[in-house]
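Asks: Give the three-dimensional model of this entry:
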Amino acid sequence: MDKPILYFLCTGNSARSQMAEGFGKKYLGDRYTVLSAGVTAHGLHPLAVQAMAEVGIDISHHRSKTIDREILNRAALVITLCGDAYDTCPPTPPHVRRLHWEFPDPARAEGTDAERLAVFRKVRDEIEARIRAFAEGGVLESDR
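Replies: Coordinates of the predicted model:
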């Protein structure tokens, strides 16, 4: 039998949802088919790839994609990671549980490469902490 789908969504599927997919596969891959998408597809951000590689997760093979209605409707759980995805995510059938975990968009960080990478690392660590808590049976509350 197929595993239930966990679908992470954000604006451009370039950073937050890609990192969440990577951590989701690490911590929840035995229980869920973990996928991600965006309201639009902005391309995989190289600093997201670098930040994840630093913690031993290779997302370099991921591709940026838009929300797939078929996957959305088959999902057991949809987690939006930003207000844009929360506000524009298409309606889902009643069986789809929806949560919202708000994270800042690291792709909007300004400054030197080192300063921008520091923002990616911070968001990466926050996403990992939330997913680890979820995997360990922690609180699943929505931010909204």
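Asks: can you pull out the helices in the protein?
Replies: Secondary structure of the chain by DSSP state H: the helices cover 16-28, 46-53, 69-74, 83-88, 113-135.
Asks: got those helices as TSV, with distance to His62, mean pLDDT and mean neighbour count columns?
Replies: In this view, the C-beta of every residue, glycine as well, is placed from N, C-alpha and C. Supplementary listing: these in TSV, determined by distance: least, CB to CB, whole Å; pLDDT from 0 to 100; neighbours: other CB atoms under 10 Å:
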stretch	distance to His62	mean pLDDT	mean neighbour count
helix 16-28	5	97	25
helix 46-53	8	98	20
helix 69-74	15	95	14
helix 83-88	17	88	17
helix 113-135	14	96	17
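Asks: Just put those helices in JSON lines and tack on distance to Pro106.
Replies: As requested, those are exported to JSON lines (distance: least, CB to CB, whole Å):
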{"stretch": "helix 16-28", "distance to Pro106": "7"}
{"stretch": "helix 46-53", "distance to Pro106": "7"}
{"stretch": "helix 69-74", "distance to Pro106": "24"}
{"stretch": "helix 83-88", "distance to Pro106": "14"}
{"stretch": "helix 113-135", "distance to Pro106": "4"}
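Asks: Out of those helices, which gets nearest to Gly38?
Replies: Nearest to Gly38 among those is helix 16-28; the distance by CB to CB comes to 6.2 Å.
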